[in-house]
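S.K.: here is a sequence together with a model predicted from it:
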Amino acid sequence: LLLFCFSGVPAVVDFAAMRDAVKKLGGDPEKINPICPADLVIDHSIQVDFNRRSDSLQKNQDLEFERNKERFEFLKWGSQAFKNMRIIPPGSGIIHQVNLEYLARVVMDQDGYYYPDSVVGTDSHTTMIDGLGVLGWGVGGIEAEAVMLGQPISMVLPEVVGYKLVGNPQPLVTSTDIVLTITKHLRQVGVVGKFVEFFGAGVAQLSIADRATISNMCPEYGATAAYFPVDDISIGYLIQTGRDKERVMCTKKYLEAVGMLRDFKNSSQDPDFSQVVELDLHTVVPCCSGPKRPQDKVAVSDMKKDFETCLGAKQGFKGFQIAPDQHNSKVKFNFEGCDFELAHGSVVIAAITSCTNTSNPSVMLGAGLLAKKAVEAGLTVKPYIKTSLSPGSGVVTYYLRESGVMSYLSQLGFDVVGYGCMTCIGNSGPLPESVVEAITQGDLVAVGVLSGNRNFEGRVHPNTRANYLASPPLVIAYAIAGTIRIDFEKEPLGINASGKKIFLKDIWPTRNEIQAVERQFVIPGMFKEVYQKIETGNKSWNALDAPSDKLYTWNPKSTYIKSPPFFDGLTLALQTPKTIEDAYVLLSFGDSVTTDHISPAGNIARNSPAARYLTSRGLTPREFNSYGSRRGNDAVMARGTFANIRLVNKFIDKQGPQTIHFPSGETLDVFDAAERYKQAGHPLIVLTGSRDWAAKGPFLLGVKAVLAESYERIHRSNLVGMGVIPLQYLPGEDAGTLGLTGRERYTIIIPEKLKPQMNIQIKLDTGKTFHAIMRFDTDVELTYFHNGGILNYMIRKMAS
């Protein structure tokens, strides 16, 4: 089992703290060592500070090292202090793309035995590798750390949904259009907690890059895994990406011998599934998804009408509640000495980003060919639009340059700004001040268009209230148009210097054009050249000094790395779980509460509790960096929990990271309210619809339980891992049917003898009583709960 961790800092922080805890309990701290190999790819911290410049890449990378030197030194210490831990240095690419192009083996060869490769990773998009035929899925960081220490994964055997692909895609359709269509379809089908396996003759029409794009967005349609079995196209990809040919041939022979090499055109090989759904690829049309969720697909032909409907609709997933007389508001502004105008729907961010699409040569070359035709037709992108190109690996830059399209992308402002998660994770960097002022002055619904996998509120940028996922060619098209309010079939992209109207159809490359360029320029030598130096090619990383001690010396002045309080007071003796008495509700949510609402990874707002903490430690706003970069400091992350500016708490009549402190009646920032409850000794719970988040932050805020209508698998397991009780309403019940306001106090009765998925009683201070399901799904999860969480269990195990 090959495990890799997203950026890695929290895992190494926990491991370092676990060594300290084991030593305090009288055990051998060096027992805390990864048993299975761990690859940590540092890809999470790059911010687009510089763009539209030939030196943007170097400047962003230099600034990344300046900001994150302490984190990188800490990770380098970890790679030396712990066995089986390999660091892929920053600037190498996006973890999932590096795994697809380089790390994944498909079949493992160890001590003369062959067996299928598999992977778990501490990011939900680990599923991308399913496209190559390696079964993999995302787990919580806590669960992953236990796996690294040799603890097996416990789960209820999932249903497997067969997704049958038939037909051929239309010539103008991209893999992005296909995945956004599948995402909407499977959300409607309902695949949460299930495996999806793709089959049918249509699979043979998809490249590995296309399949990987579809598998990458597995979390967006809610499945645990999205698996494409290995076929001859998979074997060809291994050779194309520079893997050793002899090893690849052994892989093929092994898979043939055990009946795991699939011929998708041979229906006799189709497995039996729990359920089968079907998509005719010929029915897929060019589309985007948004403005606030990846499953809200909109055909490109309907984009203008759909956005204008969203403007006036009630505040929600498809609404901004803009007054009708304000729909055509415009605000003039000046940028670099020239006058411009913004309106609702104006594009201010256009980013070709994310492993979802930058791993796919067809859409990347498609974007390059479109850029070439656009430049030749005399089209330009307005200079105030923040454009960027952040590939998932150096291979992308290589083939874009060799095929001759890189210079055209640069002319439209799409220079390479770095290799890693950038705009898609919220590291879009600042917009020009005059643009922000215009958006604020007009209360405008400005737009970000990106080739990413998530567009939840507040994720991409605080000033882009609407964000659309789109293929890389469409990102460029909307950047040229400057607005989302355009009907490409009827309206021109622009008018060139000669006065000629240029339509999108005039510059859109066909699938055949793209494939011809791909066959010529995406070759094995590129992959070999890039990846042979991936671990040693970063001079800044090589120059870092790191301590050699086996126990980490914590620096009390550090604002990046801090020993977490998870193990404070831990003893070898187990504590009997107690009834949670008279808990207050910290927050009450509706549906689709996501990671981005609960634990934002982007910029730290200047008026937030985290900002106040960092200011008190002597930092200026320029030095705040992002939440994602400060995940090694629990003091920052606790303050960043529930800190999204678009958070919708039912206790508050406006969006924002605040709640009511019921004993005083005051409206406070969530962290400040939680601190007051903690000081008074009051336990807390959270009420929500569908629940989608990790658990360290809520645990640190004093949350003892979460009561939800449903859970995504990875996020329920995170709660289990931290000893937070995941409760689920009985079928047909929710806060509305039970008449819960969240202003009651809740006593959760914990029986002495616990069983998986048992019903428990909840009493309110109003006298009302109801039941809920305690979502500990296995006996192993109950063991973790009795230990106060999975890491406590591992520490006791190692110490004894």
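M.R.: Received, thanks. Numbering: from 1, shown residues only.

S.K.: what's the neighbour count on residue 94?
M.R.: When neighbours are counted by other Cβ atoms under 10 Å, residue 94 registers 31. C-beta here means a position set from N, CA and C on the backbone, and glycine is covered the same way.

S.K.: so it is in contact with residue 424, correct?
M.R.: No - here residue 94 does not reach residue 424: they are 9.1 Å apart, not a contact under Cβ atoms under 8 Å.

S.K.: what residues are shared contacts of the two?
M.R.: Residues touching both residue 94 and residue 424 comprise residue 354, with contact defined as Cβ atoms under 8 Å, 6 or more residues apart in numbering.

S.K.: what's the closest non-adjacent residue to residue 209?
M.R.: residue 360 (3.9 Å; Cβ to Cβ, 6 or more residues apart in numbering).

S.K.: so how far is residue 472 from that neighbour?
M.R.: Taking Cβ to Cβ, to the nearest Å as the measure, residue 360 falls 8 Å from residue 472.

S.K.: cool, residue 460 as well?
M.R.: Counting by Cβ to Cβ - residue 460 and residue 472 are separated by 16 Å.

S.K.: what's the answer for residue 565, then?
M.R.: 44 Å.

S.K.: now the strand or helix carrying residue 612: average pLDDT?
M.R.: Per DSSP states H and E, residue 612 falls inside helix 609-616. Confidence over helix 609-616 (mean pLDDT, whole number) is 96.

S.K.: next secondary structure after the helix or strand bottoming out on mean pLDDT in the chain?
M.R.: The helix or strand of the chain with the poorest confidence is strand 2-6; it has a mean of 49 (mean pLDDT, DSSP states H and E). Going down the chain from strand 2-6, the next helix or strand is helix 9-24, by DSSP H and E.

S.K.: who are the packing partners of the longest strand along the chain?
M.R.: Criterion DSSP state E: the longest strand present in the chain is strand 580-588. Packed against strand 580-588 by the contact rule (3 or more Cβ pairs under 8 Å, 6 or more residues apart in numbering; DSSP states H and E) you find helix 670-679, strand 684-687, strand 703-708, strand 746-748.

S.K.: any chance of these in a markdown table, plus mean neighbour count, mean pLDDT and distance to residue 289?
M.R.: Shown next, in a markdown table, are the helices and strands packed on strand 580-588 (neighbours: other Cβ atoms under 10 Å; pLDDT from 0 to 100; distance: least, Cβ to Cβ, whole Å):
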| stretch | mean neighbour count | mean pLDDT | distance to residue 289 |
| --- | --- | --- | --- |
| helix 670-679 | 19 | 96 | 29 |
| strand 684-687 | 25 | 94 | 28 |
| strand 703-708 | 24 | 95 | 25 |
| strand 746-748 | 21 | 98 | 37 |
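
S.K.: out of the ones you listed, which gets nearest to residue 505?
M.R.: The closest of the helices and strands packed on strand 580-588 to residue 505 is strand 703-708. By Cβ to Cβ, the value is 46.6 Å.

S.K.: I'd like the next helix or strand past the closest one.
M.R.: Heading C-terminal from strand 703-708 (DSSP H and E), you reach strand 710-711.

S.K.: state the pLDDT value of residue 599.
M.R.: At residue 599, pLDDT is 69.

S.K.: what of the one 3 residues further on?
M.R.: The model reports residue 602 with a pLDDT of 73.

S.K.: that one: how many residues sit nearby?
M.R.: 22.

S.K.: then residue 404?
M.R.: Each residue near residue 404 was counted by other Cβ under 10 Å, and the total is 13.

S.K.: part of a helix, is it?
M.R.: No - Residue 404 is assigned coil when assessed by DSSP: H, G, I helix; E, B strand; the rest coil, not a helix.

S.K.: what's the closest non-adjacent residue to it?
M.R.: Residue 404's closest residue in space is residue 372 (Cβ to Cβ, 6+ apart), at 7.7 Å.

S.K.: quick one: the one you found is in a helix?
M.R.: Yes - judged by three-state DSSP, residue 372 forms part of a helix.

S.K.: residue 721 and residue 76, how far apart?
M.R.: Residue 721 is 27 Å from residue 76, by Cβ to Cβ.

S.K.: between these two, point out the one with more neighbours.
M.R.: Per other Cβ under 10 Å, whichever of residue 721 and residue 76 has more neighbours is residue 721, with 28 against 19.

S.K.: from what I can see residue 68 touches residue 625, true?
M.R.: Yes - between residue 68 and residue 625 a contact is recorded at 7.4 Å, counting by Cβ under 8 Å.

S.K.: endpoints of stretch 108-117, how far apart?
M.R.: 5 Å (Cα to Cα, to the nearest Å).

S.K.: one step back: other residues contacting the helix holding residue 612?
M.R.: 559, 604-605, 621, 623-624, 627, 630, 635-636, 639-640, 643, 669, 671-672.

S.K.: could you redo the last one with a cut-off of 6 Å?
M.R.: 604, 624, 636, 639, 640, 669, 671 (Cβ atoms under 6 Å, 6 or more residues apart in numbering).

S.K.: looking at the residues you listed, which are in helices?
M.R.: Within the contacts of helix 609-616, residues falling in helices by DSSP state H are 636, 639, 640, 671.

S.K.: tell me how far the third one lies from residue 624.
M.R.: When distance is defined by Cβ to Cβ, residue 640 is 11 Å away from residue 624.

S.K.: more neighbours, those two?
M.R.: Neighbour totals were compared for residue 640 and residue 624, and residue 640 leads with 30 against 22 (other Cβ under 10 Å).

S.K.: my guess is that one contacts residue 627. True?
M.R.: Yes - using Cβ atoms under 6 Å, residue 640 is in contact with residue 627, at 4.7 Å.

S.K.: endpoints of stretch 399-408, how far apart?
M.R.: OK, stretch 399-408 end separation, Cα to Cα: 14 Å.

S.K.: buried stuff in that stretch?
M.R.: Using 16 or more other Cβ atoms under 10 Å as the test for burial, stretch 399-408 gives 399, 400, 403, 405, 406, 408.

S.K.: distance to residue 578 added to the residues you listed, as a markdown table?
M.R.: Formatted as a markdown table, the buried residues of stretch 399-408 follow (distance: Cβ to Cβ, whole Å):
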| residue | distance to residue 578 |
| --- | --- |
| 399 | 60 |
| 400 | 60 |
| 403 | 65 |
| 405 | 64 |
| 406 | 62 |
| 408 | 65 |
